[in-house]
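*Asks:* all I have is the shape, not the residue letters:
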Ligand SMILES: Cc1ncc(C[n+]2csc(CCOP(=O)(O)OP(=O)(O)O)c2C)c(N)n1
Ligand SMILES: [Mg+2]
């Protein structure tokens, strides 16, 4: 697969931005600078970027508790997101969402979500709205391997087929649901087949390889956008941190994390492919790295200086005024 230079440059920049955002968030949390509970997306960047590269701003995504990467890939403002993590009133959700509830409706980001498998039904609702309005939008649900045993996920998948709505279910299999491995939690050994049993095609991707995800996502999203009903993407992936920041990770095998970082890194894989094909030079990728680092540095500096919500703001923006909206 040969992609246009602009797509390659943007994809690398997005994956690198997510990586640096997360690694810096990790450092800041460990320093006690960021309040709340945080789940990092480091290691899974190619999934969000490979999917969102096929989406327009008006298309919608619904994310998970591990949502920073999905939001950045869909176009969320990085400085606004960092401010949100810091709980600032200048954050994307005025500091009331925090890490697990980042949303930006203007960018089609219907929200990260702390409820495992809370996303699939919302994505089906958005897809039904798109079908009724005939606006051509596709709705994407990101969810983890832990979500696939939840009733909400089953119900949403079935309903999507029955209503024939343009939704794509992305399952990111990082092999753990909190501290429980997929081998223990899932009763069958062919999740792709089980998901296809609902009546829609599922495309498998290597979540450490942007090109693999991009290809699978292209097929799934085209299927949904053409009015054929739902499709699925199964991406095998790995998270480089614990379930949450502070997780001692005793459930990992010895050397597992080192192996993941060495052999399942989408940034390394992307650079290796570019070196081999010559499509992008190392110097231009280095230049992107420097720009991304500067952006994340600015985001942290501005987030630290940004105001916190006042007590008077506690009751503001709690409910949407649907009549005037
Ligand atoms: C309905 C519900 N049950 C349990 C939890 C607690 N919980 C939070 S994250 C998580 C694991 C999710 O695993 P997975 O879907 O694989 O996502 P990952 O954390 O691996 O990205 C659980 C069980 C929850 N938030 N919501
Ligand atoms: Mg998981």
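*Replies:* Received it, and whenever you're ready, just let me know what you need. If you're wondering where the values come from, they're calculated on a predicted model, not measured in any experiment. Residues are numbered from 1 along each chain as shown. Ligands and ions are numbered 1, 2, ... in the order given.

*Asks:* I'd like to know how many residues surround residue 31.
*Replies:* Look at residue 31: counted by other CB atoms under 10 Å, it has 8 neighbours. To be clear about C-beta, it is placed using only N, CA and C from the backbone, and glycine gets the same treatment.

*Asks:* and it, how close does it get to residue 25?
*Replies:* 11 Å (CB to CB, to the nearest Å).

*Asks:* what about the strands in the stretch 151-300 of the chain?
*Replies:* Along the stretch 151-300 of the chain, counting by DSSP state E, counting those that start in this stretch, strands occupy 167-173, 176-177, 180-181, 202-206, 231-236.

*Asks:* nearest to ligand 2, out of those strands?
*Replies:* Distance to ligand 2, taken as CB to the ion, is lowest for strand 176-177 among those, at 4.9 Å.

*Asks:* and the pLDDT for residue 315?
*Replies:* In the predicted model, residue 315 carries a pLDDT score of 85.

*Asks:* my bad, residue 323
*Replies:* On pLDDT, residue 323 comes in at 62.

*Asks:* quick check, the residue in the stretch 1-150 of the chain closest to ligand 2?
*Replies:* Closest point on the stretch 1-150 of the chain to ligand 2, by CB to the ion, is residue 144, at 3.7 Å.

*Asks:* I'd say that residue and residue 172 touch.
*Replies:* Yes - here residue 144 reaches residue 172: they are 5.5 Å apart, a contact under CB atoms under 8 Å.

*Asks:* state the mean pLDDT of stretch 270-285.
*Replies:* What stretch 270-285 shows for mean pLDDT is 98.

*Asks:* can you pull up the residues of the stretch 151-300 of the chain that come close to ligand 2?
*Replies:* Contact residues, the stretch 151-300 of the chain versus ligand 2 (CB under 5 Å from the ion): 174, 176-177.

*Asks:* so what touches stretch 63-71?
*Replies:* For stretch 63-71, contacts defined as CB atoms under 8 Å, 6 or more residues apart in numbering pick out 18, 21-22, 25, 39-41, 44-45, 47-49, 52, 61, 81, 99-100, 102, 104, 107, 109, 111-114, 116, 119, 142-144, 147, 239.

*Asks:* give me the subset of these touching ligand 1.
*Replies:* The residues of the contacts of stretch 63-71 that also fall near ligand 1, by CB under 6 Å from any ligand atom, are 114, 116, 144, 147.

*Asks:* now stretch 244-254: mean pLDDT?
*Replies:* The model assigns stretch 244-254 a mean pLDDT of 96.

*Asks:* what's it in contact with?
*Replies:* With contacts defined as CB under 8 Å, 6+ apart, stretch 244-254 is touched by 25-26, 29-30, 37-40, 176, 179-181, 241-242, 257.

*Asks:* among these, which lie within helices?
*Replies:* Using DSSP state H, 25-26, 29-30, 257 are the members of the contacts of stretch 244-254 that sit in helices.

*Asks:* out of these, which one sits closest to ligand 1?
*Replies:* Comparing the ones in helices among the contacts of stretch 244-254 against ligand 1 with CB to the nearest ligand atom picks out residue 257 as the nearest, at 14.7 Å.
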